[in-house]
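# this is a predicted model, with the sequence first.
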Amino acid sequence: MKINSKVIIDELNRIKEKITADKKQEYLLLTIKEIKQIAKKFRYPSKEIEIIALNEGMLPSRYQKNYSSISLSEQIKLLRSKVAVIGCGGLGGNILELLARLGVGELIVTDGDKFNESNLNRQILCTEENLKKSKVKEAAVRVRKINSSVKVKTHTLFINSKNIQEIIQGADLAIDALDNISARFVLEKACQELKIPLVHGAVDGFNGQVSTIFPQDQGLELIYGSSKKLNRQKRISRSSVPAVTPALIASIQVQEVIKILLQKGKPLRNELLFIDLEDHNIEILKLDK
């Protein structure tokens with residue numbers, strides 16, 4: 001349905017509420033209820049209502065605590081962004097939680113697995129009630145409960161060289177939340193061919209790592225060696241993955257996403273951030289050929 005934005009602006013102006021930000025800069029605060037009422041009245045996506053509001057200097061209340069770390073114009077960029085999250089386990093669940101709360105407008109979510117009891121210790125999407133249910137479907141439910149303005153496209157499958165490009169096509173970037181090194185190389189190759197950045201993350205016990213790989217970078221080969229030697233490698237068998245490790249590494253991965261989408265700060269490009277939580281050891285390693 002085509003709507004003149006002026007009609008929506010007029011509606012927003014009738015219900016706006018002035019408040020003062022910490023820096024004494026005035027902006028107009030809009031509640032979730034008000035946004036949903038306008039979206040329903042005009043049969044228009046709530047995300048688009050939020051974008052129009054932000055363009056008019058009106059801040060949806062759900063993003064009030066983003067401001068001023070994330071400006072109104074930057075919030076619009078997030079709402080207009082599309083991010084592919086490959087894997088919905090320990091890393092992926094935390095990543096999706098954060099992206100939804102930040103207001104990334106569209107998420108592509110991919111995983112072929114179901115929840116089991118061993119996931120309860122670390123996977124934020126896993127509960128006693130959804131055991132044996134699809135991780136992807138539960139992820140979509142969770143995202144919609146957090147932020148109904150976020151669009152979620154789901155793929156209940158494991159990635160391979162034949163399906164990955166179609167899955168991530170159109171994304172601004174992809175996030176590696178996998179537990180399989182061979183699959184990571186498949187994802188990286190697709191990102192290179194589609195010319196989109198990849199945010200890599202991995203965990204093992206109390207250790208974790210993050211790196212941001214741009215299409216022209218050598219990337220994973222500098223971390224794991226040649227992909228040809230890993231073609232037959234199956235899922236990594238870990239002795240343990242405590243909840244704290246994926247929670248922290250996922251947070252750092254999402255911060256890398258913010259850097260790329262908003263062009264803020266310095267991404268971990270050609271670098272590997274390695275964290276040993278047990279001994280509080282943090283290193284940034286240069287990735288050289």
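Great, that's in hand.

# only C-alpha atoms from now on, for both contacts and neighbour counts.
Noted.

# leaving out sequence neighbours, find the closest residue to residue 254.
residue 95 (6.3 Å; Cα to Cα, 6 or more residues apart in numbering).

# tell me the secondary structure at the one you found.
helix (DSSP: H, G, I helix; E, B strand; the rest coil).

# just for the stretch 151-289 of the chain, where's the confidence low?
Applying pLDDT under 70 to the stretch 151-289 of the chain flags residues 229-239.

# let's see 90
226-240, 288-289 (pLDDT under 90).

# what segments of it are helices?
Shown for the stretch 151-289 of the chain, the helices assigned by DSSP state H, counting those that start in this stretch span residues 164-168, 181-194, 220-224, 244-262.

# residue 41: which of these is closest?
The closest of the helices of the stretch 151-289 of the chain to residue 41 is helix 244-262. By Cα to Cα, the value is 31.6 Å.

# tell me what that closest one is packed against?
helix 72-79, helix 90-102, strand 198-204, strand 207-213 (3 or more Cα pairs under 8 Å, 6 or more residues apart in numbering; DSSP states H and E).

# make it 10 Å
Helix 244-262 is packed against helix 72-79, strand 82-86, helix 90-102, strand 173-176, strand 198-204, strand 207-213, strand 271-276, with contacts defined by 3 or more Cα pairs under 10 Å, 6 or more residues apart in numbering; DSSP states H and E.

# ok, residue 104 touching residue 79?
Yes. Using Cα atoms under 10 Å, residue 104 is in contact with residue 79, at 4.9 Å.

# overlap of the contact sets of these two?
47, 149, 150, 151 (Cα atoms under 10 Å, 6 or more residues apart in numbering).

# isn't residue 8 up against residue 46?
No. Residue 8 lies out of contact with residue 46 (Cα under 10 Å); the separation is 11.4 Å.

# rewinding a little: wait, which of the helices and strands packed on helix 244-262 is closest to residue 41?
helix 72-79 (21.2 Å).

# that closest one: which residues count as buried?
For helix 72-79, the neighbour count (16 or more other Cα atoms under 10 Å) marks 72, 74, 75, 76, 77, 78, 79 as buried.

# in TSV, list these along with pLDDT and distance to residue 228.
Conversion of these to TSV gives the following (pLDDT from 0 to 100; distance: Cα to Cα, whole Å):
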residue	pLDDT	distance to residue 228
72	95	46
74	97	41
75	98	41
76	98	42
77	98	38
78	98	37
79	98	39
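
# report all helices and strands that the helix or strand hosting residue 35 contacts.
Counting by DSSP states H and E, the element that carries residue 35 is helix 32-42. If contacts are counted by 3+ Cα pairs under 10 Å, 6+ apart, helix 32-42 sits against helix 5-15, helix 46-55, strand 58-60.

# tell me which of the helices of the stretch 151-289 of the chain sits nearest to residue 130.
Using Cα to Cα, the nearest of those to residue 130 is helix 244-262, at 20.1 Å.

# tell me which residues of stretch 213-226 come out buried.
The neighbour-count check on stretch 213-226 (16+ other Cα under 10 Å) flags 213, 214, 215, 218, 219, 220, 222 as buried.

# same question, stretch 182-193
For stretch 182-193, by 16+ other Cα under 10 Å, it's 182, 183, 184, 185, 186, 187, 188, 189, 190, 191, 192.

# may I have that stretch exported as PDB, CA atoms only?
In PDB, the C-alpha atoms belonging to stretch 182-193 read as follows (Å, rounded to 0.1, in the frame of the first residue of the first chain):
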ATOM      1  CA  SER A 182      35.000 -26.500   6.500                       C
ATOM      2  CA  ALA A 183      31.600 -24.700   6.500                       C
ATOM      3  CA  ARG A 184      33.300 -21.500   7.500                       C
ATOM      4  CA  PHE A 185      35.400 -21.700   4.300                       C
ATOM      5  CA  VAL A 186      32.300 -22.300   2.300                       C
ATOM      6  CA  LEU A 187      30.700 -19.200   3.800                       C
ATOM      7  CA  GLU A 188      33.900 -17.100   3.300                       C
ATOM      8  CA  LYS A 189      34.100 -18.100  -0.400                       C
ATOM      9  CA  ALA A 190      30.500 -17.100  -1.000                       C
ATOM     10  CA  CYS A 191      31.100 -13.700   0.700                       C
ATOM     11  CA  GLN A 192      34.100 -13.100  -1.500                       C
ATOM     12  CA  GLU A 193      32.100 -13.900  -4.600                       C
END
